[in-house]
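S.K.: sequence and predicted model, in that order:
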Amino acid sequence: MIFLTHHFQNHAMFEKLTAEEILEKFQERKSILKNISALPKLDKFYISFLSKYQGLEITPDILIFDYEEALKENKYLTNNYPTISNKLWMVGRTGQGDEWFLDKERNTIYFYDHNLGEYVNEAQFLNLGISFLSFLQMAYLYQSLEDLLDENEMLDESEQHNFITIINSIAPNLYERYPFKYW
């Protein structure tokens with residue numbers, strides 16, 4: 001009973017991580033990339049991530065590419081979907097094959113549902129309206145939620161409300177825009 005009480009107290013303590021706390025979670029590349037001229041002008045935090053860190057899976061729905069994978073995927077995009085590649089840069093994918101993009105002008109994260117098939121136009125993409133850093137903050141909050149749910153813990157209504165509130169503190173209505181629902 002003591003374990004359950006203690007565990008429950010940790011239950012709904014979702015914390016939004018700072019940029020420094022996020023960087024501490026990343027695994028550094030064997031060597032930092034000095035020449036990143038192959039990259040378009042993108043979000044500074046994202047460029048820094050690619051040049052210094054390895055790719056990673058934060059949740060099954062958020063896998064971030066490393067530098068080499070990002071170049072490979074975006075070269076494919078450029079060769080096969082030039083209209084989309086002019087506007088968007090692929091930063092990762094989900095375990096189901098959906099994809100995450102960074103808008104090259106606005107530096108905001110977009111989601112693409114692979115069930116839509118071929119990329120036809122920008123209207124198919126869901127704009128989350130957040131920066132890469134905010135995307136990572138959101139991802140680590142969802143990781144905390146998934147960890148709790150993996151322990152077969154149910155969140156009561158107030159804990160769900162707390163989670164939604166902290167997600168929406170990143171950007172208004174972000175929880176509602178996020179393409180995967182938990183309850």
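M.R.: It's in.

S.K.: pLDDT of stretch 148-166, averaged?
M.R.: Stretch 148-166 shows a mean pLDDT of 88.

S.K.: which of the residues in the helix or strand that contains Lys72 are buried?
M.R.: Assigned by DSSP states H and E, Lys72 belongs to helix 67-80. Buried residues in helix 67-80, counting neighbours by 16 or more other C-beta atoms under 10 Å, are found at 67, 69-70, 73-74, 77. (Each C-beta comes from the backbone N, C-alpha and C, glycine too.)

S.K.: redo those as JSON lines? Include distance to Leu56 and pLDDT.
M.R.: Formatted as JSON lines, those follow (distance: C-beta to C-beta, whole Å; pLDDT from 0 to 100):
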{"residue": "Tyr67", "distance to Leu56": "13", "pLDDT": "96"}
{"residue": "Glu69", "distance to Leu56": "11", "pLDDT": "97"}
{"residue": "Ala70", "distance to Leu56": "13", "pLDDT": "97"}
{"residue": "Glu73", "distance to Leu56": "15", "pLDDT": "97"}
{"residue": "Asn74", "distance to Leu56": "18", "pLDDT": "97"}
{"residue": "Leu77", "distance to Leu56": "21", "pLDDT": "97"}
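
S.K.: contacts for the helix holding Lys72?
M.R.: 29, 33, 36, 38-39, 50-51, 55, 65, 84-85, 88-91 (C-beta atoms under 8 Å, 6 or more residues apart in numbering).

S.K.: swap in 6 Å and give it another go.
M.R.: Here helix 67-80 makes contact (C-beta atoms under 6 Å, 6 or more residues apart in numbering) with 33, 38, 50, 55, 85, 89-90.

S.K.: flag the shaky bits of this structure, pLDDT-wise.
M.R.: Flagging of the chain using pLDDT under 70 yields the residue ranges 1-12.

S.K.: mind running it again at 80?
M.R.: The chain contains residues with pLDDT under 80 at 1-13, 38, 152-153.
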